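# sequence below, structure please.
(chains A and B)
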Amino acid sequence: MPRLSLDLPAIEVTDLRKRYGHVEALAGLTMTVGRGEVFGFLGPNGAGKTTTVKLLLGLARPTSGRGKILGAPLGDLATRRKVGYLPEVFRYQPWLKAREVLTLHGELIGLPRGRRGAAADDALRLVGLDDRANELVGRFSKGMQQRLGLGTALLGDPPLVVLDEPTSALDPVGRVDVRGIVRAAADRGAAVFLNSHLLSEVEQVCDRVAIVDHGRVVASGDLDDVLGQSETQVDVTGISASDLAAIERFGSPTLDGDLLRIRPMDPTDVPDLVATLVSMGARIHAVRSGRGSLEQRFLALVARDRPPAGTPSAERLR
Amino acid sequence: MITIAKLTIGEAARRRVLWVLVILAAIAVGLTAWGVATLVASARDDGVTEVDIKLVVSQILIFIAFMFGFVLVMTAAFFGSPAIATDLESGVAQAMLARPLRRASYLIGRWLGLAIVIVVYAVASGLLAITAVGLVSGYLPPDPFLPVAYLAGQALVLLTLTVLLSTRLPPIAGGAIAVVAYGLAWTAGVLGRIGDVIGASALVTASEASRYLLPTDALWQGVVYGLEPAFVINAGSGELVAEGSPFFASSPPPPALIVWSVIWVVVVLCVGIVLLRRREL
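Residues are numbered from 1 along each chain as shown, chains lettered A, B, ... in the order given. Predicted coordinates for the structure are as follows:
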């Protein structure tokens, strides 16, 4: 079994490619996920997110490229003991009880027989299923099955947890629970690879993100890096483009009709900007300051080369 | 592997498959015993000799074995064809194969679990049926374990084929192919015997080839041989009508074919492992 070192990244892949026939599902993925961080992997449907997860877990083989999980090559059997996985399609033996599913997975990851029961109980408690431990999985709702899947992924406190759309079947309360569980896992030192297209969820829980489209990473880094610098927008009348030079000390201004944009701009300068504009005779109707949301950034990145909705080619995409 | 085999047996028990098999076996054995008892009583009342009664009962046993063998083969096909395919389609397999579980262990574990269920069912109900018939008729085959072992072997061959197909094909397709292949192999055996009697060497060669492709017919020969009393074998040997019948065997299958059957199972399982390992999940 490969030696696990805390210095090694949890995930490290270089120029990972995957081709299915003529379709290039992944076109040179390079990324690193460190220990103890929650890494958001974002992308539209068909971007290559689930393909990436399958390559990381050894369920599919890369066409080319290199990768390591916890210091061991992709697909290394022994390392899979240390990786918890919640699949996008979370299905467990419907004829087993919830606790039995967890003890089965405990056996598969090599937990000592005497520890399996306690580990299963811990996982059930963590995901809020401790009072349903002895019910058949086949009678569970989708949300409960997803909770069970999350419990299975977290069984035995693995140093790497891969979650593929972990809240797709959960209600808002469940989503909040999952955010807490993910953060707690990261706080105990686990790396969490969170594959999702729920941007608000990623924004709230992730330390770093990568946005993938057409099998390529189009943006990655800390949330601050990906979201970009702060911007101030002012709904204003009474000024023209020739007046903009007077406010360039706040940032780079652009005027589009009655909308003045200054980017980048420190939000603490907003009172001075407003005072300057008023002294210039401008009338201010509204001021908004902050950085764009992840959703805006995501749309800007992945919608660049997509035709507008309603066009024939856009219809074909559906 | 053992974990998956235990899981598979547990699934059969939890899904009530074992209970269904036990109940069906009990009904089949009960009806068989009653039918044979009625026939034997009627024959004795009519003054039929014990030798003739033995002859008739052995033929009834062979016919029952034929039907039971078919049921076993169908059971094996029903068990084997979804063994891998359903888990892959539903996503259950992905969750397990992301664990430190080799695909070979997964496939062998599934096969082993189902094989244990089928062999226990075949041996228990086969021996029960032979014993029940023996009690009511007085006729027991020379070695009751032998035909039962061949019957179980037939089912294992079909189970292995369906598990192989299950790595790539949906359950219905895999099951249908296996049952048709079994039927073709049986028919090839019948035609081969007839070809042997009438001297059609091409038919004999094709039949021999089919025995190597799917050795179920060779094992069926063992079932028939094991159920016959010695005097039937002696009387039928060399007789054209008898030698051409699928319900008569003058000899057990050649040892080479029995060894080949074992090798066949191992080879097909290995091919199944390769196919599953190459499959992208």
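# contacts, neighbours, all on C-alpha from now
Fine.
# chain B contacts on chain A?
A:54, A:57-61, A:77-81, A:83, A:85-87, A:89-93, A:95, A:105, A:107-109 (C-alpha under 8 Å from any C-alpha of the partner chain).
# kindly recompute the last result at 6 Å.
Contact residues, chain A versus chain B (C-alpha under 6 Å from any C-alpha of the partner chain): A:57, A:59-60, A:77-78, A:80-81, A:91-92.
# give me the ChimeraX select line for these, limited to the buried ones.
Selection of buried members from the residues of chain A next to chain B for ChimeraX, criterion 16 or more other C-alpha atoms under 10 Å in any protein chain shown:
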select /A:57,59,60,77,78,80,81,91,92
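# tell me the two of the residues of chain A next to chain B that are most distant?
A:78 and A:91 (23.5 Å; C-alpha to C-alpha).
# what's opposite the spatially most central residue of chain A in the beta bridge?
In chain A, the C-alpha nearest the mean C-alpha coordinate belongs to residue A:40, at 2.3 Å (C-alpha atoms, centre = their mean). According to DSSP bridges, the residues that bridge with residue A:40 are residue A:194, residue A:209.
# for residue B:6, see how far away it is.
From residue A:40 over to residue B:6 the distance is 38 Å, taken as C-alpha to C-alpha, to the nearest Å.
# quick one: classify the one residue in the stretch 101-250 of chain B that gets nearest to chain A as helix, strand or coil.
Per C-alpha to the nearest C-alpha, residue B:101 is where the stretch 101-250 of chain B lies closest to chain A, at 6.8 Å. Per DSSP: H, G, I helix; E, B strand; the rest coil, the secondary structure class of residue B:101 is coil.
# can you report how many residues neighbour it?
Neighbourhood size, residue B:101 [other C-alpha atoms under 10 Å in any protein chain shown]: 19.
# please state the backbone phi and psi of it?
When read as degrees, to the nearest 10, the backbone of residue B:101 gives phi -120, psi 120.
# ok, and what's touching the strand or helix carrying residue A:201?
Residue A:201 belongs to helix A:199-205 when assigned by DSSP states H and E. Contact with helix A:199-205 is made by A:40, A:295, as judged by C-alpha atoms under 6 Å, 6 or more residues apart in numbering or on different chains.
# tell me the buried residues in that helix?
By 16+ other C-alpha under 10 Å, the buried positions in helix A:199-205 come out as A:199, A:201-203, A:205.
# same question for stretch B:32-48.
Neighbour-count burial for stretch B:32-48 [16+ other C-alpha under 10 Å]: B:32-33, B:36-37, B:39-41, B:43.
# ok, stretch B:10-30 next?
Using 16+ other C-alpha under 10 Å as the burial criterion, the residues of stretch B:10-30 that qualify are B:10-12, B:18, B:21, B:25, B:28-29.
# stretch B:58-77 now?
Buried residues in stretch B:58-77 (16+ other C-alpha under 10 Å): B:58-62, B:64-66, B:68-70, B:72-77.
# kindly report the same for stretch A:282-290.
Buried residues in stretch A:282-290 (16+ other C-alpha under 10 Å): A:282, A:289.
# so what touches it?
Contacts for stretch A:282-290 (C-alpha under 6 Å, 6+ apart): A:230-239.
# try 8 Å this time
With contact meaning C-alpha atoms under 8 Å, 6 or more residues apart in numbering or on different chains, stretch A:282-290 is reached by A:230-239, A:267, A:270, A:274, A:277-278.
# now that stretch: average pLDDT?
The average of the pLDDT scores along stretch A:282-290 is 87.
# what's the distance between that stretch and the middle of its chain?
33 Å (C-alpha atoms, centre = their mean, to the nearest Å).
# check which helix or strand covers residue B:73.
Taking DSSP H and E as the definition, one finds residue B:73 inside helix B:50-80.
# so for the next helix or strand after that helix, mean pLDDT?
Per DSSP H and E, the first helix or strand lying C-terminal to helix B:50-80 is helix B:85-90. Mean pLDDT, computed over helix B:85-90, is 91.
# so which bits of helix B:85-90 are buried?
For helix B:85-90, by 16+ other C-alpha under 10 Å, it's B:85-88.
# need the contact partners of it.
Residues outside helix B:85-90 that contact it (C-alpha under 8 Å, 6+ apart): A:89, A:91, B:93-94, B:166-171, B:281.
# can you rerun that using 7 Å?
Residues from elsewhere that reach helix B:85-90 (C-alpha atoms under 7 Å, 6 or more residues apart in numbering or on different chains): A:91, B:93-94, B:166-167, B:169-171.
# nearest to residue A:9 among these?
Within the contacts of helix B:85-90, proximity to residue A:9 (C-alpha to C-alpha) peaks at residue B:94, which comes in at 24.8 Å.
# still on that earlier bit, got JSON lines for the buried residues of helix A:199-205, with pLDDT too?
JSON lines is the format used below for those (pLDDT from 0 to 100):
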{"residue": "A:199", "pLDDT": "76"}
{"residue": "A:201", "pLDDT": "79"}
{"residue": "A:202", "pLDDT": "81"}
{"residue": "A:203", "pLDDT": "80"}
{"residue": "A:205", "pLDDT": "87"}
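# circling back: quick one: which of the buried residues of helix B:85-90 is nearest chain A?
Checking those one by one against chain A (C-alpha to the nearest C-alpha), the nearest turns out to be residue B:87, at 8.9 Å.
# any idea how far that closest one is from residue B:107?
11 Å.
# same thing with residue A:33?
Distance, residue A:33 to residue B:107, by C-alpha to C-alpha: 33 Å.
# now do residue A:178
34 Å.
# tell me the pLDDT of residue 71.
In the absence of a named chain, chain A is used. On the pLDDT scale, residue A:71 gets 90.
# wrong one, I was asking about chain B
What the model reports as pLDDT for residue B:71 is 87.
# residue A:316 now?
pLDDT, residue A:316: 36.
# which residue of chain A lies farthest from its centroid?
residue A:281 (45.8 Å).
# now do the contacts for it.
Residue A:281 touches residue A:238, counting by C-alpha under 7 Å, 6+ apart.
# the helices in chain B, which residues?
Using DSSP state H, the helices of chain B run over residues B:2-14, B:17-45, B:50-80, B:85-90, B:92-97, B:103-137, B:145-166, B:171-198, B:201-213, B:216-227, B:230-236, B:240-243, B:255-278.
# now these as TSV including distance to residue A:174?
Putting these into TSV (distance: least, C-alpha to C-alpha, whole Å) gives the following:
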stretch	distance to residue A:174
helix B:2-14	31
helix B:17-45	37
helix B:50-80	38
helix B:85-90	24
helix B:92-97	22
helix B:103-137	33
helix B:145-166	37
helix B:171-198	36
helix B:201-213	55
helix B:216-227	55
helix B:230-236	73
helix B:240-243	72
helix B:255-278	36
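# leaving out the residues flanking it, which one is nearest to the residue of the stretch 101-250 of chain B closest to chain A?
residue A:108 (6.8 Å; C-alpha to C-alpha, 6 or more residues apart in numbering or on different chains).
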